[in-house]
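1. just need the structure, nothing else, for what follows:
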Amino acid sequence: MDANWERLRPILFEAIGTTIYLVGVTFVVAGVLGLALGTALYTTRKGGLLANAPVYLVLNVLVNIVRPIPFIILLAALGPVTLEVVGTTIGSEAALFVMIVAATFGIARIVEQNLVTVDPGVIEAARAAGAGPLRIILTLLIPEALGPLILGYTFVVIAIVDMSAMAGTVGGGGLGDFAITYGYQRFQWEVTLVAVLIIIAGVQGVQFFGNWLARKVLRR
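-> Residues are numbered from 1 along each chain as shown. Coordinates of the predicted model:
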């Protein structure tokens, strides 16, 4: 039996909008929080600008605990916290909260790893010239690592799209939920295929833009 696209088309457009909303908000909020957390990890490590062993230990352990947890399990594990913060454990807002948490810790590690590649000599020269930690971070450290950071964030967007596809397990909607509910569960394989192709096209677009932007930054 062929899919009824007259009925499914508005549902598909709504699913696309939900996916864009989930991915966009998660990327912006987690991008800022992850950058701050990753920078804190880098600066508080031994020999860092703000070296502080206890703070680094706490942050490092926290990232190591949260980051490896599969998203589907994190959805369940953070249920009580999600209920307290959002007021519900189902729906797009509940899924969005968990997506932000998961992405923040993933981005933090990516940021830290990219900041480590910055030449320590450049930082020491800036410190010797009297530049404070905040100025070094904003005008030297992050700009020096900007190209790799863009590539890292591009990878994160793709991971966030993957998470959005699992948001349907808590009624979060989106293309993943559309593909499963109206395609897989109803044996409408063409519906699933359309959803998959849209996701692939979106991911390819993001990857292309990220690569282009990183190349442009690295050539400066």
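
2. rest of the way, CA atoms for contacts and neighbours
-> Noted.

3. other residues contacting the helix or strand of the chain with the lowest mean pLDDT?
-> The helix or strand with the lowest mean pLDDT-type score in the chain, counting by mean pLDDT, DSSP states H and E, is helix 120-128 (a mean of 83). Applying C-alpha atoms under 8 Å, 6 or more residues apart in numbering, the external contacts of helix 120-128 come out as P133, I136, L140, L141.

4. how far is it from where the chain is centred?
-> 31 Å (C-alpha atoms, centre = their mean, to the nearest Å).

5. what residues of it count as buried?
-> By neighbour count, with 16 or more other C-alpha atoms under 10 Å as the criterion, the buried positions of helix 120-128 are I123, A126.

6. and it, C-alpha only, in CSV?
-> Taking only C-alpha atoms (Å, rounded to 0.1, in the frame of the first residue of the first chain), the coordinates of helix 120-128 have been written out as CSV:
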residue,chain,number,x,y,z
PRO,A,120,52.1,27.0,24.9
GLY,A,121,54.9,29.4,24.0
VAL,A,122,52.4,31.8,22.5
ILE,A,123,50.5,31.8,25.7
GLU,A,124,53.6,32.3,27.8
ALA,A,125,54.7,35.2,25.7
ALA,A,126,51.3,36.9,26.2
ARG,A,127,51.5,36.3,30.0
ALA,A,128,55.0,37.7,30.0
